[in-house]
Structures are given as C-alpha cells and as structure tokens.
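S.K.: got a predicted structure here, sequence first:
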Amino acid sequence: CFLPLPIDHTKSTLWSCCCKVICNGCDYANVIREVRGKLDRKCPFCRHPKAKSEEEFKRNLIERIEANDPVAIRQMGGYCNQEGDYDGAI
C-alpha cells in the first residue's frame with residue numbers, strides 16, 4: 001500500500017522467514033486472498049510457509065540472526081528483554 005508503517009508495533013506484523021514488517025491491513029488483505037483462493041498461508045514477500053508454532057517462529061528468527069539481519073536481532077533482543085534476560089537482550 002506504500003503507506004508508512006504505524007509507530008504502534010501492535011498494528012504491524014513481522015514475518016520471521018525474511019523479517020519483513022507489513023501493516024496489519026496488508027496482512028489481512030493477503031489472508032483474504034489466500035482464503036478465497038484456498039491457498040496455504042505464506043509470506044507475501046518470500047512465499048515461505050507461515051510458522052506453525054512459536055518454536056518454529058523463533059527458529060526462523062535465529063536463522064535470520066545468523067545471517068546478520070538487524071530486524072531479527074532487534075526482535076530477539078525484545079524477546080530476551082521481556083523474559084528478563086537483560087544480558088541476552090544486549
């Protein structure tokens with residue numbers, strides 16, 4: 001849609017396969033397209049299947065971290081901070 005992403009991170013979606021962030025409206029439009037076409041849920045950028053569990057999401061994120069993706073590194077730092085692992089967050 002080419003609109004700027006919202007500042008409120010709850011109004012956007014992170015795809016762990018390629019660490020692209022899209023607004024929830026664009027994500028919703030993609031879901032509708034996939035449901036109407038009876039398609040499997042896939043990333044709108046790289047077409048990688050959606051993570052089926054939190055463990056798979058984090059495994060994809062770790063693969064992106066190993067590829068030195070700054071978005072993945074920031075996301076994992078946020079998870080570590082929420083869990084109380086402040087050393088791991090930095």
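M.R.: Ah, there it is.

S.K.: for the rest of this, base every contact and every neighbour count on C-alpha atoms.
M.R.: Noted.

S.K.: which strands and helices lie in contact with the helix or strand of the chain with the lowest mean pLDDT?
M.R.: Lowest by mean pLDDT, DSSP states H and E among the helices and strands of the chain is helix 86-89, with a mean of 80. Secondary-structure packing of helix 86-89 (3 or more C-alpha pairs under 8 Å, 6 or more residues apart in numbering; DSSP states H and E): helix 70-83.

S.K.: give me the buried positions along the helix it packs on.
M.R.: Val71, Ala72, Ile73, Gln75, Met76, Gly77, Gly78, Tyr79, Cys80 (16 or more other C-alpha atoms under 10 Å).

S.K.: same deal with stretch 10-27?
M.R.: Under 16+ other C-alpha under 10 Å, the buried positions of stretch 10-27 are 12-19, 21-24, 27.

S.K.: again with stretch 48-67
M.R.: Of the residues in stretch 48-67, those buried (16+ other C-alpha under 10 Å) are Lys50, Ala51, Lys58, Asn60, Leu61, Ile62, Arg64, Ile65.

S.K.: what sits up against that stretch?
M.R.: Here stretch 48-67 makes contact (C-alpha atoms under 8 Å, 6 or more residues apart in numbering) with Trp15, Ser16, Cys17, Cys18, Cys19, Asp40, Arg41, Lys42, Cys43, Ala72, Ile73, Met76.

S.K.: off-centre distance for stretch 81-90?
M.R.: 19 Å (C-alpha atoms, centre = their mean, to the nearest Å).

S.K.: and the helix or strand encompassing Asp27, how far out from the chain middle?
M.R.: Asp27 is located in helix 24-36, with elements delineated by DSSP states H and E. Remark: helix 24-36 is offset 15 Å from the chain centroid, using C-alpha atoms, centre = their mean.

S.K.: now do the helix or strand just after that helix against helix 70-83, angle only.
M.R.: Moving toward the C-terminus from helix 24-36, the next helix or strand (DSSP H and E) is helix 54-66. Per axes from the mean of the first three to the mean of the last three C-alpha atoms, to 10 degrees, the angle that helix 54-66 makes with helix 70-83 is 130 degrees.
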